[in-house]
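**Q** Need coordinates for the below:
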Amino acid sequence: MLQERFQHFGETVSRHFTDVLVAVIKMSMDFIKPLDREFKEVPKYIRENRKYWPHFKDCIGIIDGTHIAAVIPENKKVPYIGRKGYCTQNVMAVCDFNMLFTFAWGGWEGPEVDGGYPNMKGYLASYKGERYHLPEFRRGSQPRGPHEFFNHAHSSLRTIIERTFGVWKAKWRILSQMPSFSFSKQVAIVIASMMIHNFIRRTAIIDDEFQRYDENLDLVPNKERNDNDEHPRERYIGDDNEMGVVRDRITSQLYNC
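**A** Numbering: from 1, shown residues only. All right, here's what the predicted structure looks like:
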C-alpha cells in the first residue's frame, strides 16, 4: 500500500520501515521502565481501593506472559507451536497500575509448561489447587475459606495486566497478523509497539482504546481471560519461604477484616 501511495520501490519502503523501527527500539529504553524507579509511593490504584489497601500496599506491578502470532520457517516451527496449534512468540511483560509496561521480553518459544509462577522472593503468587480466575467465582459461589479469599483478591488485582494487554493488542493489529519478516524483526515490532503504547499513555494523548478501559474498570478482554482460564491447576504445597509467610499474613488480614 505504501509503495502504491508514494510510488516507491518495496526496498525503499522496507529500508525506511527498518530505520524507524530501530529508532523506536532505542526509545524503548527510556519508555519501558518504572516511572518511580525507587517505588517510594503506593500506587493510587491500590491506595484508593479498600479491596486492596493496605493488604497489597507493597505491590509494585503485575507480571504475566502473552502470545503473539509469529511467522516461523518450516524447519524451525516445532518449538514455537503453542497449545492452539499455531506458531507464536511468548512475551513476558510487567505492567504498573496505570496500564504502562515497565518491563518486556519477547521472542520466547511458544509452549507453556506450567500453570503459573512460583511463590518466590519478590513474587507473590496465588494458592494452587484452589479456585482462582474471576469467571470461576462468577459461575459458582463467592469465595469460601481463606485461600479462596486471597485468590479472589489476587485475581482481581492482576486483571490490570490483562487489561493492559487488551489495550495494546486492540491498537496494534499487526500483532495478530504478523508479516513474514525475520524473527528478530518480529520481536522488535512487539517491543516497539509496547513503547508507543507507553508513549501514548504517558503523554496523555486522548486514545479510544485506553478510554474504553478507563471508563469500565471491570472490562477484561475475552481473549486474555480465556487464555488464563486454560492454565492447569496445580496441587497446593505449603510454602516455608519468606513470600509464603507474606501471603499467609495477607490472607489472614483479608479473611478476618
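**Q** Where do the helices of the stretch 51-200 of the chain begin and end?
**A** All helices of the stretch 51-200 of the chain, identified by DSSP state H, counting those that start in this stretch, fall at 134-139, 145-171, 183-202.
**Q** Asn90 touches Gly65, doesn't it?
**A** Yes: when contacts are counted by CB atoms under 8 Å, Asn90 is listed as touching Gly65 (5.6 Å). Every C-beta, even on glycine, is put in place using the N, C-alpha and C of the backbone.
**Q** what about those two, which has more around it?
**A** For Asn90 versus Gly65, the count of surrounding residues by other CB atoms under 10 Å is larger for Asn90: 19 against 15.
**Q** what's the closest non-adjacent residue to that one?
**A** Nearest in space to Asn90, with sequence neighbours left out and distances taken as CB to CB, 6 or more residues apart in numbering, is Trp108 at 3.8 Å.
**Q** how deep is that neighbour tucked in, by neighbour count?
**A** Neighbours of Trp108 (other CB under 10 Å): 17.
**Q** Would you mind measuring from it to Val187?
**A** When CB to CB, to the nearest Å is the yardstick, Trp108 and Val187 sit 9 Å from each other.
**Q** again with Ile46
**A** 32 Å.
**Q** so the closest residue to Phe56 other than its chain neighbours, which of the three states?
**A** What sits nearest to Phe56 in space, not counting adjacent residues and going by CB to CB, 6+ apart, is Ile46, at 5.5 Å. The three-state label given to Ile46 by DSSP: H, G, I helix; E, B strand; the rest coil is helix.
**Q** Could you pull up the contacting residues of Ile46?
**A** The neighbourhood of Ile46, defined by CB atoms under 8 Å, 6 or more residues apart in numbering, consists of Tyr52, Trp53, Phe56, Lys57, Cys59, Phe97, Leu157.
**Q** Below-threshold pLDDT in the stretch 1-150 of the chain: ranges please.
**A** Under the criterion of pLDDT under 70, the regions of the stretch 1-150 of the chain flagged as low confidence span 2, 7-8, 110-117.
**Q** 50 instead?
**A** Counting by pLDDT under 50, the stretch 1-150 of the chain contains low-confidence ranges at 112-115.
**Q** now the strands for it?
**A** Taking DSSP state E, counting those that start in this stretch as the test, the strands found in the stretch 1-150 of the chain are 62-69, 88-95, 101-108.
**Q** Just send those back as JSON lines, with distance to Met194 too.
**A** As requested, those are arranged in JSON lines below (distance: least, CB to CB, whole Å):
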{"stretch": "strand 62-69", "distance to Met194": "11"}
{"stretch": "strand 88-95", "distance to Met194": "7"}
{"stretch": "strand 101-108", "distance to Met194": "5"}
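**Q** who wins for proximity to Tyr127 among those strands?
**A** Across the strands of the stretch 1-150 of the chain, the minimum distance to Tyr127, taken as CB to CB, is reached by strand 62-69, at 17.3 Å.
**Q** residue contacts, Ile191?
**A** Remark: with contacts taken as CB under 8 Å, 6+ apart, Ile191 is in contact with Ile25, Ser28, Ile32, Ala104, Gly106.
**Q** ok, of these, which come out buried?
**A** Ser28, Ile32, Ala104, Gly106 (16 or more other CB atoms under 10 Å).
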